[in-house]
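S.K.: Here is a sequence together with a model predicted from it:
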There are 2 protein chains.
Amino acid sequence: MKKKTTIHDIAKELKTNISTVSRALNDHPAISTITKEAVKEMAQKLNYRQNKIASSLRSGRTHTIGVIIPSAELHFFGSVVHAIEQAMNRNGYTVLLYQSNESFEQEVKGIETFLQLHVDGIIASIALGTKDFDHFKEIKKRNIPLILFDRTNDTLEVPSVFIDDYKGGYIATEHLIRQGYHRIAHINSRQQIKIFNDRLRGYRDALSDYGLPYEERLVEFGDVSIESGKICTEKLLSQSGRPDAIFAVEDFTAMGAIQQLKTRGIAVPAEFGVIGFANEGFSPYITPSLSTIDQQTRIMGKTAAGLFLDSIGKGEEPVGTSQIVLDPVLVVRESTGRQGV
Amino acid sequence: MKKKTTIHDIAKELKTNISTVSRALNDHPAISTITKEAVKEMAQKLNYRQNKIASSLRSGRTHTIGVIIPSAELHFFGSVVHAIEQAMNRNGYTVLLYQSNESFEQEVKGIETFLQLHVDGIIASIALGTKDFDHFKEIKKRNIPLILFDRTNDTLEVPSVFIDDYKGGYIATEHLIRQGYHRIAHINSRQQIKIFNDRLRGYRDALSDYGLPYEERLVEFGDVSIESGKICTEKLLSQSGRPDAIFAVEDFTAMGAIQQLKTRGIAVPAEFGVIGFANEGFSPYITPSLSTIDQQTRIMGKTAAGLFLDSIGKGEEPVGTSQIVLDPVLVVRESTGRQGV
């Protein structure tokens, strides 16, 4: 690859110094028009591309935002990102994405890269594999605005937006109870992250509030996949006194549950109810269509972008903490329609 | 926001010049160990972060690759990107993503941003809205490797990888014929891009090779969505001499077709066959599960990454043209199972 032209090359050709070249390229008032023209002509001749990053360092702005997500393929993250992009583009920012693929090491690398590129801010949702938060603290230390969404961490004390996962777990379970299901199982995740724990708490409290017992053997822990949903469902069905409904911690698990119930010849929703969480893209289209909890992705993305804009609007001081909690929304479809919903 | 510490600040504190500071930070052999230590200590004290982009400009490498795709939410692109990431990470590169959202203007902005960030290369799939290719030519002009995948453009003469869409259209249509369907309709896209035209050509030639007439009224043009699939299907069903199968140009359109057939009470696959294209994430899980054409996303991503690595391996010279064509793969599921497949 050809070595890039630098201002040194231009200065050498014009027998002047780099300070003059730099100021000429940036239209500094101290430089004469004739010199500016000579410099710009030589720059063009040498195919010089001004390092706008370097110039923007002076202004302290690159108008670029880095967004770190586990995976854009998950409908939830893809949808939040689209909303962030819309809001940020309207405000003159370019949004770059980086996927951590749920890996701590990848997440660290993504943050390092964004810091090196001098992004104006970072909006992130934490990887499942992340146990240590020094890389996020590094962002704060550099006074670069950091906004977290969905998968947040309280110790970081940064502006964040997430849904009330406890409430989501509660209303999902309550919905099954109100539809007439009585022995409600739950499939959670082995990955002990806050949002999943909150959904479990919501499940327990809903059972309790409606006078139903909490039975440990009705709670399975999988790994957030269709296959895992099938396996956990089979375990639940193999018990004596088997359940008549499942609240799954997310939609892929719920889809696995429905598939396993079909394999077993158990009718959903007539004999058995299933509800998921996340409102993935496929949820309306499977048979039966999947009842689930919507996480208001458009509003979440818009809010995350808004928190960033607020934080730079505040100017000189580091941003304070502001946590915005969104309400989860129950989406009723066929898979819980025992009452003919 | 606090102004960033620069090497000027360090030089000032140490009463030396920026050249010494810069060389000390980069472990230049001409600088004494004592000076290096003093500079690094002061850099740490002032919370200075070395602009690795600036340093990497000297080496000509940022070890960052920009990937531009229409949308990571489409399973096809998400899956190719994961394969690119895997291959590039293994080779020490960080992959940044930018979504054009099918917009020409957005695509231009993404390329500008990546050029300003001095990425080592750009891997892209062209937006549906793109009619002018100057922004891609700009990448070539700067001797930055450009690799295209799936949605390519011959006039750019850059290394590219794509599947044989003509063959995909052919084998999809041939499969319907062999399953015993006789009046095969096609839903294409109003957006006249090469890959969609190629699929249409494949459809026409398969009909011809099997002695079936090509009828213009059996070809509808939609806009690549579930809703459009429904509308186009309804138009096809309203005709006298209605078709008994549809080859849809992509899976969302095919899903719309299946939904409209269900609404009309037409049994899929017994009375009517449907095949899509792209093997989207939902395709195995809808009822009936969708037969489709797989585009070998893992191999495509790996190949795109390989083309980039080849191009920098070649060293000083601009890269030549190399076009790699992958075979499409027929995925037979329930929606075309008239013969009891």
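M.R.: On my side now, so go ahead.

S.K.: Which residues are in contact with the residue of the stretch 201-341 of chain A found nearest chain B?
M.R.: Nearest to chain B in the stretch 201-341 of chain A, going by C-beta to the nearest C-beta, is A:T287, at a distance of 3.5 Å. (Each C-beta comes from the backbone N, C-alpha and C, glycine too.) Counting by C-beta atoms under 8 Å, 6 or more residues apart in numbering or on different chains, A:T287 touches A:E334, B:I286, B:T287.

S.K.: can you rerun that using 6 Å?
M.R.: B:T287 (C-beta atoms under 6 Å, 6 or more residues apart in numbering or on different chains).

S.K.: all strands for the stretch 151-300 of chain A, in order.
M.R.: For the stretch 151-300 of chain A, applying DSSP state E, counting those that start in this stretch gives strands covering A:160-163, A:184-189, A:219-222, A:245-248, A:273-275, A:292-294.

S.K.: With mean neighbour count, distance to chain B and mean pLDDT as new columns, can those strands be given to me in JSON lines?
M.R.: Output for the strands of the stretch 151-300 of chain A, formatted as JSON lines (neighbours: other C-beta atoms under 10 Å in any protein chain shown; distance: least, C-beta to the nearest C-beta, whole Å; pLDDT from 0 to 100):
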{"stretch": "strand A:160-163", "mean neighbour count": "25", "distance to chain B": "19", "mean pLDDT": "95"}
{"stretch": "strand A:184-189", "mean neighbour count": "25", "distance to chain B": "17", "mean pLDDT": "97"}
{"stretch": "strand A:219-222", "mean neighbour count": "20", "distance to chain B": "18", "mean pLDDT": "96"}
{"stretch": "strand A:245-248", "mean neighbour count": "32", "distance to chain B": "15", "mean pLDDT": "98"}
{"stretch": "strand A:273-275", "mean neighbour count": "28", "distance to chain B": "14", "mean pLDDT": "98"}
{"stretch": "strand A:292-294", "mean neighbour count": "24", "distance to chain B": "14", "mean pLDDT": "98"}
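
S.K.: what about those, which gets the closest to B:D223?
M.R.: Comparison of the strands of the stretch 151-300 of chain A against B:D223 by C-beta to C-beta identifies strand A:292-294 as nearest, at 25.5 Å.

S.K.: In space, not sequence, find me the middle residue of chain A.
M.R.: A:S125 (4.2 Å; C-alpha atoms, centre = their mean).

S.K.: Just list the residues touching that residue, thanks.
M.R.: For A:S125, the contact set (C-beta under 6 Å, 6+ apart) comprises A:I69, A:F149, A:D150, A:R151.

S.K.: just checking, the second one touches A:A305?
M.R.: Right, A:F149. No. When contacts are counted by C-beta atoms under 6 Å, A:F149 is not listed as touching A:A305 (9.8 Å).

S.K.: Am I right that A:G66 is in a strand?
M.R.: Yes. Secondary structure of A:G66 (DSSP: H, G, I helix; E, B strand; the rest coil): part of a strand.

S.K.: neighbours around it, how many?
M.R.: A:G66 has 24 neighbours, counted by other C-beta atoms under 10 Å in any protein chain shown.

S.K.: Now the stretch 51-200 of chain A against chain B: closest residue?
M.R.: Going by C-beta to the nearest C-beta, chain B is nearest to A:A72 of the stretch 51-200 of chain A, at 3.2 Å.

S.K.: Helix, strand, or coil at that residue?
M.R.: With three-state DSSP as the criterion, A:A72 reads coil.

S.K.: What sits closest to it if chain neighbours are left out?
M.R.: Nearest in space to A:A72, with sequence neighbours left out and distances taken as C-beta to C-beta, 6 or more residues apart in numbering or on different chains, is B:A72 at 3.2 Å.

S.K.: got it, and A:A127?
M.R.: A:S100 (4.1 Å).

S.K.: now swap in A:I312 and tell me
M.R.: The shortest distance from A:I312 to any non-neighbouring residue, by C-beta to C-beta, 6+ apart, is to A:P145 (6.1 Å).

S.K.: What are the phi and psi values at that neighbour?
M.R.: For A:P145, the backbone dihedrals (degrees, to the nearest 10) come out as phi -60, psi 130.

S.K.: Check the one 4 residues further on too.
M.R.: Note on A:F149: its backbone torsions stand at phi -140, psi 150 [degrees, to the nearest 10].

S.K.: residues touching the residue lying closest to it once chain neighbours are set aside, list them.
M.R.: Nearest residue to A:F149 in three dimensions, chain neighbours excluded: A:A304, at 4.5 Å (C-beta to C-beta, 6+ apart). Applying C-beta under 6 Å, 6+ apart, we find A:A304 in contact with A:I84, A:I123, A:I147, A:F149, A:V161.

S.K.: so which pair among the residues you listed is furthest apart in space?
M.R.: The span of these, defined through C-beta to C-beta, is set by A:I84 and A:V161 at 10.7 Å.

S.K.: Now for the residue nearest to A:A127: which residues touch it?
M.R.: A:S100 makes contact with A:I68, A:P70, A:Q106, A:E107, A:A127 under the criterion C-beta under 6 Å, 6+ apart.

S.K.: Kindly reformat the contacts of A:A304 as TSV containing distance to B:T5.
M.R.: Shown next, in TSV, are the contacts of A:A304 (distance: C-beta to C-beta, whole Å):
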residue	distance to B:T5
A:I84	29
A:I123	25
A:I147	24
A:F149	30
A:V161	31
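
S.K.: Around chain B, which positions in the stretch 151-300 of chain A sit nearby?
M.R.: Counting by C-beta under 6 Å from any C-beta of the partner chain, the residues of the stretch 151-300 of chain A close to chain B are A:F282, A:Y285, A:I286, A:T287.

S.K.: Restricted to helices, list those.
M.R.: Assigned to helices by DSSP state H, none of these qualify.

S.K.: How far away from the center of its chain is stretch A:126-141?
M.R.: The chain centre lies 14 Å from the centre of stretch A:126-141; the measure is C-alpha atoms, centre = their mean, to the nearest Å.

S.K.: Any idea what A:V67 is bridged to?
M.R.: Beta-bridge pairing for A:V67 (DSSP bridges): A:L97, A:I123.

S.K.: Apologies, that question was intended for A:V219.
M.R.: Going by DSSP bridges, A:V219 is paired in beta bridges with A:H186.

S.K.: ranges for the helices of chain A?
M.R.: Per DSSP H, chain A carries helices over the ranges A:7-14, A:18-25, A:33-45, A:52-59, A:75-90, A:104-116, A:134-141, A:165-178, A:194-209, A:226-237, A:251-263, A:297-313.

S.K.: Alpha carbons of the third one, as PDB, please.
M.R.: Which is helix A:33-45. What follows is helix A:33-45, C-alpha atoms only, in PDB (Å, rounded to 0.1, in the frame of the first residue of the first chain):
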ATOM      1  CA  THR A  33      -4.700  33.900   0.600                       C
ATOM      2  CA  ILE A  34      -1.900  33.300  -1.900                       C
ATOM      3  CA  THR A  35      -0.200  30.800   0.600                       C
ATOM      4  CA  LYS A  36      -3.500  29.100   1.300                       C
ATOM      5  CA  GLU A  37      -4.100  28.600  -2.400                       C
ATOM      6  CA  ALA A  38      -0.600  27.300  -3.000                       C
ATOM      7  CA  VAL A  39      -1.000  24.800  -0.100                       C
ATOM      8  CA  LYS A  40      -4.400  23.600  -1.200                       C
ATOM      9  CA  GLU A  41      -3.200  23.200  -4.800                       C
ATOM     10  CA  MET A  42      -0.200  21.100  -3.700                       C
ATOM     11  CA  ALA A  43      -2.400  19.100  -1.300                       C
ATOM     12  CA  GLN A  44      -4.700  18.200  -4.100                       C
ATOM     13  CA  LYS A  45      -1.800  17.400  -6.400                       C
END
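
S.K.: Okay, angle between it and helix A:18-25 too, please.
M.R.: Relative orientation of helix A:33-45 versus helix A:18-25 (axes from the mean of the first three to the mean of the last three C-alpha atoms, to 10 degrees): 90 degrees.
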